[in-house]
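> Any chance you could fold what I've pasted below:
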Amino acid sequence: MSPDLDVAVVGAGVAGLTTAHELRRAGLQVRVFEERPYVGGRMHSFRHDGYVIDEGAEQIPTRGYRATWELLARLGVTEREVPRIGRAIGVWRDGRAHPGVADPSALLTGAGLSPRARADLARFLAWTALHRRAFEGDHPERTPAGGHTVARFARRYHRDLHDYLLQPVAGCFFGWDTARSAAAPLIGLMHSVGPVSTWRTYHDGMDLLARRLADGLDVATARPVHEVVTEGDRVRLNGPDGTVTARAAVLCVPAPVAARLHATAPEDERAHLTACTFTPTLKVSCLLDRPLAPASPTPLYALLTPDAEDDTLSGILVDHAKHPGRAPAGKGLLTLMADPRRIPELRGASERETTDRLVDAATRYLPGLREATRRHFVHTFAHGLPEATPEALRRRSGFLARPARPVEYAGDWVMLRPASEAAVRSGALAASRVLSRLRPAPTTVRTARQAVPAPRSEARETA
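Numbering: from 1, shown residues only. Sure, this is the predicted structure:
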């Protein structure tokens, strides 16, 4: 009996949609299964009353995202649709915002660093430039940073480099605990993406890439998969109301989810899946009746609030500064990022308590915030971003060396790089591994025996 599909892709985030896109280009019959009622995953955006709200990812650098830009060009996305942000990132210290984080001007302005720390910043930048090629590659496990955590690596420099640069960047953008996460992926990202002045965003929400990819694909939303079983040279996917068979499956979901779905994965896969832990993320969107932004000598797109200064927030994103289309004319939109140390307790709190705590903390940087806010939305991802621990680095080489099999994987965790570029690259890698096993011979597709109710969205509204 022939299978229902050539390839079943589980997960309609950017990794899954890229995988399906590449396999369909090669002539295979592919269907994407997504448990949510929409595509995009951690790059999903939703629209409400004229506001465009990004639930996960926030920006796309011009540098260091070669695979993404090539994919955008292939999809016909124009430069106008990916405008430059053109605002600075600041860090809070000693009662005020210091702009210039992740910008060469930090060597002169300090960007929150003391004079002695600036000298060590210059030393750090010289060291990364010396080892540029090692950090630009797809193998963070091979860099001279070794298996050091961010906190351990930072000990060779002035304490400010950790407290007012590495920790705030890791905490706000990745939700990382620097005592657990490896230094190599963070250094590689900081080096490759270039100065903030070159960063861009998608003009109509960060899900633009996902929506464009999905337009040309067979995507079954609100279709969860509960189990993936290898049966000889094919795969069986079980859901709440039926089974689908395929010649191959690609699990484009966070590693802990992939490990649960494919419970019989071989040991050379399971070791890495288990090592690839994730940090949860939580943020609150504030829809404002007027534009507010932290006071700063330079207009800010983001304000980082280090652990040394704040134990509730990790940062504030000024979405209407990121792109004016994120809020109606004369209005404002802010994102309050929860400190990773507080997320476990906030996830167990009521929506009202969560918003109250984050808004109260943000008022320190944005006087009048509570009075200007007309509505809040809470966004949580249990598997927010790959933690990229030293153990995951150690296990990665064996995982990449495994033979091609009926079940493959894609996601930013495969590259140990918490970024949408890694999702795109991993999708292309997974597609090439599938194609190495399958001849691109289309199959006759039968209707999948799977009808599943739509799950509840993770975006929660509070008055």
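> The closest residue to residue 340 other than its chain neighbours: neighbouring residues, count only.
Counting by C-beta to C-beta, 6 or more residues apart in numbering, residue 175 is the residue found nearest to residue 340 once chain neighbours are left out, at 4.8 Å. C-betas here are computed from N, CA, C, even on glycine. Number of residues near residue 175 (other C-beta atoms under 10 Å) recorded here: 25.
> same question, residue 368
If you count neighbours by other C-beta under 10 Å, residue 368 ends up with 11.
> what's the answer for residue 401, then?
Considering only other C-beta under 10 Å, residue 401 is surrounded by 8 other residues.
> what's the distance between it and residue 433?
Using C-beta to C-beta, to the nearest Å, residue 401 is found at 12 Å from residue 433.
> so the residue nearest to residue 340 touches residue 343, yeah?
Yes - at 7.4 Å, residue 175 counts as touching residue 343 under the criterion of C-beta atoms under 8 Å.
> and for the two, which residues touch both?
279, 280, 281 (C-beta atoms under 8 Å, 6 or more residues apart in numbering).
> JSON lines for those, including pLDDT?
Compiled in JSON lines, the shared contacts of residue 175 and residue 343 are given as follows (pLDDT from 0 to 100):
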{"residue": "279", "pLDDT": "94"}
{"residue": "280", "pLDDT": "94"}
{"residue": "281", "pLDDT": "95"}
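> Just name the closest of these to residue 365, please.
Closest approach to residue 365 among these (C-beta to C-beta): residue 281, at 20.0 Å.
> mind checking how far that closest one is from residue 296?
On the measure of C-beta to C-beta, residue 281 and residue 296 end up 25 Å apart.
> between these two, who's got more neighbours?
residue 281 (22 against 17).
> Quick check on that one: phi, psi?
Backbone torsions for residue 281, taken as degrees, to the nearest 10, come to phi -130, psi 150.
> is it true that it touches residue 387?
No - contact status for residue 281 versus residue 387: not in contact, 11.7 Å apart, counting by C-beta under 8 Å.
> and for these two, which residues touch both?
Between them, residue 281 and residue 387 share no contacting residue under C-beta under 8 Å, 6+ apart.
> need the shared contacts of residue 175 and residue 343 in CSV with distance to residue 83, can you?
Formatted as CSV, those follow (distance: C-beta to C-beta, whole Å):
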residue, distance to residue 83
279, 30
280, 31
281, 25
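> closest to residue 329 among these?
For the shared contacts of residue 175 and residue 343, the residue nearest residue 329 by C-beta to C-beta is residue 281; the value is 29.9 Å.
> which stretches of this structure aren't confidently modelled?
Scanning the chain for pLDDT under 70 picks out 440-463.
> what are the ranges of the helices in the stretch 251-400 of the chain?
Listed in chain order, the helices of the stretch 251-400 of the chain (DSSP state H, counting those that start in this stretch) span 255-261, 267-275, 319-322, 343-347, 351-362, 369-372, 390-400.
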